[in-house]
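# Pasting a predicted model and its sequence here:
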Amino acid sequence: MASNGLASPPLPGRDGVTPGPLSPTGTSTPGSVGRSSNPLSSKVTSVLSTSYADAEFRESLALLDERGISNTAETRRQLRLDVQKEVIDSNGKIITEFGRVAEQLRRIGTTIDKLNKSYQEMRGHVTTAHESTSTMLEEASSLMTQRRNIETKQQVLKAFREHFVLSEDEVAWLTLTAEPVDDRFFAVLAKAKRIRKDCEFLLGFESQTLGLEIMDQTSKNLNQAFQKLYRWVQKEFKTLNLENPQINSSVRRAIRVLAERPSLFQSCLDFFAEAREQILSDAFYLALTGTSASGTKDHSVKPIELVAHDPLRYAGDMLAWTHSAAVSEREALEILFISDGNEIAKGIQEGRENELWNLMADEADGPPEFDAVKALNELVDRDVSGAARILRQRVEQVIQTNEETILAYKLANLLSFYRVTFSKLLGADSVLLQSMANLESEALRQFRSLMRDHITTLEGEFQHTPSDLGPPEFLQEALKQLTAIMRTYETSLAADDDNREAEFEPVLAESFDPFMSGCENMSKNVSPPSDSIFLLNCLLAAQSALEPFTAFTSTRLARLRSIIDSHSARLIDSQYAFFRTGSALEPLFTALDPLSDARGDDVLQVADGKLDVLQAEALVHAAQGLDDFLPSAVMDALENVKHLQDAKLARYVTEEAAERFCADFEHVEELLVAADELIEEREEHQTGVGLGIELGVNTGAGEEGEKPRLRALFPRTTGEIRVLLS
């Protein structure tokens with residue numbers, strides 16, 4: 001067989017000649033072919049039907065290639081024998097190996113038999129030993145159980161002692177004053193408080209003796225510990241320097257813990273407040289005089305009393321020092337009492353809840369809630385109360401010795417500013433704030449008193465009206481003074497924006513209203529229209545003074561403008577009367593004002609000439625008087641209001657009066673035109689002498705008996721009047 005996978009050629013015959021398909025030996029008749037050549041044909045058919053793509057066939061070819069066999073006749077004959085020999089040899093080797101395995105299995109079986117025998121012997125020994133030691137094991141197990149129970153009890157007892165019992169060293173550290181108040185003291189104190197709280201659990205059992213004994217002993221130790229802490233805090237307060245930003249943390253911690261006993265805590269606060277009050281009083285006295293309370297001169301301090309000649313600065317420096325001291329005190333006390341959050345408040349609340357009288361009280365009421373901020377404000381207020389008393393005395397002296405009205409108000413405004421400032425700093429219930437309110441009230445009383453005295457001294461000036469009808473000198477001075485007061489009030493922060501006007505109203509009532517009332521009384525001594533001119537000059541000056549401060553004078557300005565409008569209207573009426581009388585048209589206006597310019601009885605009455613003012617002579621006289629008046633009418637009218645200091649208002653008043661005069665003239669003109677038209681209509685429908693006589697009865701008919709037209713007698717037009725009066 002060839003190694004290239006092709007079919008091998010046919011095998012040669014005995015004589016070495018390969019028979020061909022046409023050879024005699026390879027040829028037979030059709031009948032004999034099926035019998036003599038069937039094996040060969042089957043072989044050929046088998047070879048030809050072999051698939052060269054079959055995996056087994058390809059593996060067989062690969063094995064032959066590996067053996068390196070050449071495709072020869074000898075090789076092909078020996079191939080089967082070689083393969084069968086190899087198979088027989090392989091089977092022999094396998095049988096030999098299986099023999100060895102069988103030998104090993106026999107040895108293993110022997111070993112297992114020996115092991116089973118040894119196991120049975122050992123089992124017998126163990127059974128015998130167990131039977132002999134079972135009693136001792138039971139006794140040992142009982143002893144082990146008892147040992148575990150004892151160890152458990154020892155652990156429980158140890159834990160109980162550690163949790164519920166203070167050692168001798170801990171009791172000594174907690175109660176003896178010789179031991180310092182440090183972290184160990186607070187740790188033991190916290191343990192004692194925990195023990196007392198946990199004793200409530202012991203009291204829940206049937207036997208309460210142990211819990212009661214432990215609680216009683218722990219309570220005694222706690223009471224001694226709080227007394228020790230109380231005395232230690234008092235000693236620390238004596239030497240505590242609040243100006244030091246690094247205040248001892250032990251003091252803060254002690255105060256927080258001491259808050260659990262409200263009575264002791266309050267006693268410490270009282271002691272602290274008394275000490276701080278004295279310290280701040282001495283410091284204020286030193287700031288005022290430059291000399292300490294013991295009489296020692298401090299050259300590093302510039303005494304506030306050096307500026308006592310300036311009352312406003314003197315009072316301001318004292319108030320500024322008090323405010324600075326209060327702020328510093330509050331900041332220091334915040335660090336001391338509130339830096340740890342609400343621990344003090346929680347401690348005081350807990351202490352109040354545990355106090356006997358609170359427990360005996362009605363549970364519905366309960367202890368009042370502690371307000372840390374309010375308590376801090378009260379403590380700061382108590383600390384500065386000594387300095388506040390000195391401040392009140394000095395400021396009262398400044399107020400009482402002052403004789404200047406504006407300075408009195410500035411003092412009141414300064415005190416109002418600090419009153420609001422202290423209310424934000426210390427709350428609305430502080431003693432210092434009450435002192436500021438009293439001083440402010442006293443300063444305002446002094447201001448009102450000085451203002452009334454000033455008005456009393458000016459009563460003589462209220463009787464004489466200035467010749468130029470201008471604002472009197474006392475009003476000008478009062479407005480200057482009021483302007484200074486309003487500037488002071490405007491820059492202050494004493495009032496809210498919504499209440500500034502209401503708060504300033506009393507000041508206006510004292511420093512403004514009396515002078516305006518005096519001007520009104522003075523105007524009664526002057527005849528119109530000079531009275532209105534005088535009052536308008538005064539009102540306009542007042543309006544100019546108040547207008548820059550509309551934030552808190554808007555209501556008063558609105559009232560002034562209303563009064564100005566009223567007097568302006570009176571002045572317009574006066575000018576209007578001047579135009580009517582000066583133009584000689586007053587009789588004509590008076591007679592024709594009630595009449596209507598519509599066609600009707602009123603026009604008929606005018607056309608018939610039944611009114612005296614419509615007679616020819618009267619109309620001619622009126623027209624002549626009007627012509628004489630018009631050239632200088634405006635100048636004469638402005639001359640009437642020449643003392644009105646507001647030229648714009650004077651021009652406005654005159655123009656309004658002229659407009660009213662023109663409106664009246666236009667009404668007269670319309671009536672005359674309507675009457676002439678009616679006369680013309682009559683003349684068109686009626687002719688003859690009778691009609692002429694009828695029409696000329698009262699008008700003076702001409703040669704032909706015709707009545708002259710009214711417009712011919714009174715030719716001026718409204719347009720001309722407006723031009724001449726503009």
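Great, that's in hand. Numbering: from 1, shown residues only.

# separation between H667 and L585?
For H667, the distance to L585 equals 11 Å [CB to CB, to the nearest Å]. Where C-beta positions appear, they are placed from N, C-alpha and C, glycine not excepted.

# The two: who's more crowded?
Set side by side, H667 and L585 show more neighbours around L585, with 24 against 17, by other CB atoms under 10 Å.

# And the host helix or strand of R651, what does it pack against?
Per DSSP states H and E, R651 falls inside helix 647-685. Secondary-structure packing of helix 647-685 (3 or more CB pairs under 8 Å, 6 or more residues apart in numbering; DSSP states H and E): helix 550-582, helix 586-592, helix 601-607, helix 633-640, helix 689-695, helix 710-713, helix 718-725.

# thought L189 was touching V171?
No. Between L189 and V171 no contact is recorded; they are 11.5 Å apart, counting by CB atoms under 8 Å.

# residue contacts, the residue nearest to N525 when sequence neighbours are not counted?
Excluding the flanking residues, the one nearest N525 by CB to CB, 6 or more residues apart in numbering is T465, at 6.0 Å. For T465, the contacting residues are P472, M522, S523, N525, V526, F534, by CB atoms under 8 Å, 6 or more residues apart in numbering.

# Filter the residues you listed down to just the ones in helices.
Secondary structure from DSSP state H places M522, S523, F534 of these in helices.

# Select from those the one having the most neighbours.
Neighbour counts for the ones in helices among the contacts of T465 (other CB under 10 Å) peak at F534, which has 26 neighbours.

# where does that residue land on pLDDT?
At F534, the model reports a pLDDT of 89.

# List the contacts of the residue nearest to it when sequence neighbours are not counted.
Nearest residue to F534 in three dimensions, chain neighbours excluded: L469, at 4.4 Å (CB to CB, 6+ apart). L469 sits next to V526, S530, I533, F534, N537, H643, L644 when contact means CB under 8 Å, 6+ apart.

# just checking, N221 touches V165?
No. Counting by CB under 8 Å, N221 stays clear of V165, with 10.9 Å between them.

# The two: which has the busier surroundings?
Counted by other CB under 10 Å, N221 and V165 do not tie: N221 has more neighbours, with 20 against 13.

# Report the contact partners of the more buried one.
For N221, the contact set (CB under 8 Å, 6+ apart) comprises L166, V171, L174, T175, A192.

# Neighbour-wise, which one of those leads?
L174 (24 neighbours).

# That one sits in which helix or strand?
Taking DSSP H and E as the definition, L174 sits inside helix 168-175.

# continuing past that helix, what's the next helix or strand?
Going down the chain from helix 168-175, the next helix or strand is helix 183-202, by DSSP H and E.

# what comes up buried for the host helix or strand of L269?
Using DSSP H and E, L269 sits in helix 262-289. Judged by neighbour count (16 or more other CB atoms under 10 Å), helix 262-289 contains these buried residues: 262, 264-265, 268-269, 272-273, 276-277, 280-281, 283-289.

# Kindly report the same for stretch 671-680.
By neighbour count with 16+ other CB under 10 Å, stretch 671-680 contains the buried residues L671, L672, V673, A674, A675, D676, L678, I679.

# name the helices or strands packed onto the helix holding L269?
Partner elements for helix 262-289 (3+ CB pairs under 8 Å, 6+ apart): helix 209-239, helix 249-258, helix 311-333, helix 343-354, helix 372-383, helix 385-401.

# between those helices, which one is nearest to S568?
For the helices and strands packed on helix 262-289, the distance to S568 is smallest for helix 311-333, at 41.5 Å, taking CB to CB.

# report the angle between the axes of that closest one and helix 372-383?
Using axes from the mean of the first three to the mean of the last three CA atoms, to 10 degrees, one finds that helix 311-333 and helix 372-383 are set 130 degrees apart in direction.

# List the buried residues of helix 311-333.
Of the residues in helix 311-333, 311-312, 314-319, 321-323, 325-326, 329-330, 332-333 count as buried by neighbour count, 16+ other CB under 10 Å.

# Please apply the same query to stretch 546-563.
L546, F549, F552, T553, R556, L560, I563.

# which pair in the residues you listed spans the largest distance?
Pairwise distances across the buried residues of stretch 546-563 (CB to CB) peak at 19.5 Å, for the pair F552 and I563.

# Would you check how far apart E213 and I195 are?
Taken as CB to CB, the span from E213 to I195 is 12 Å.

# do the same with V526
Distance, V526 to I195, by CB to CB: 97 Å.

# between the two, which one's more packed in?
When neighbours are counted by other CB under 10 Å, V526 and I195 differ, and I195 comes out ahead with 20 against 15.

# And the pLDDT at the closest residue in space to that one that isn't next to it in sequence?
Closest residue in space to I195, ignoring its immediate chain neighbours: T218 at 4.9 Å, by CB to CB, 6+ apart. The model reports T218 with a pLDDT of 81.

# Correct me if wrong: T218 contacts K197.
No. The criterion here is CB under 8 Å, and T218 misses it with K197 at 9.6 Å.

# So between those two, which is more surrounded?
Neighbours per residue (other CB under 10 Å) separate T218 from K197, with T218 holding more: 23 against 11.

# re earlier: the buried residues of stretch 671-680 into JSON lines, with extra columns for pLDDT?
Output for the buried residues of stretch 671-680, formatted as JSON lines (pLDDT from 0 to 100):
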{"residue": "L671", "pLDDT": "78"}
{"residue": "L672", "pLDDT": "78"}
{"residue": "V673", "pLDDT": "77"}
{"residue": "A674", "pLDDT": "75"}
{"residue": "A675", "pLDDT": "74"}
{"residue": "D676", "pLDDT": "72"}
{"residue": "L678", "pLDDT": "72"}
{"residue": "I679", "pLDDT": "72"}
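
# measure R253 to D183 for me?
R253 is 9 Å from D183, by CB to CB.

# which one of the two has more residues nearby?
R253 (18 against 11).

# State the separation between stretch 101-121 and the centre of the chain it belongs to.
Per CA atoms, centre = their mean, to the nearest Å, the displacement of stretch 101-121 from the mean C-alpha position of its chain is 96 Å.

# Next: stretch 321-328.
Distance of stretch 321-328 from the chain centroid (CA atoms, centre = their mean) equals 27 Å.

# model confidence over it, on average?
If you average the pLDDT values across stretch 321-328, you get 90.

# same question, stretch 394-403
90.

# got it, and stretch 149-163?
On average, stretch 149-163 scores 81.

# cool, and stretch 87-99?
Averaged over stretch 87-99, pLDDT sits at 91.

# buried set for that stretch?
So stretch 87-99, judged by 16+ other CB under 10 Å, has zero buried residues.

# just stretch 616-625 next, same as before
Of all the residues in stretch 616-625, those buried under the rule 16+ other CB under 10 Å are A616, A618, L619, H621, A622, A623, G625.

# any idea of the mean pLDDT for it?
Mean predicted confidence for stretch 616-625 is 81.

# Any regions of the stretch 201-350 of the chain where pLDDT drops low?
Filtered on pLDDT under 70, the stretch 201-350 of the chain yields the residue ranges 202, 204-208, 241-248, 338-350.

# ok, 90 please
With pLDDT under 90 as the threshold, the stretch 201-350 of the chain has low-confidence stretches at 201-308, 310, 325-326, 328-350.

# re the thing from before, out of the contacts of L469, which comes closest to G295?
Checking the contacts of L469 against G295 by CB to CB gives N537 as the nearest, at 63.5 Å.

# Fine by me, thanks again.
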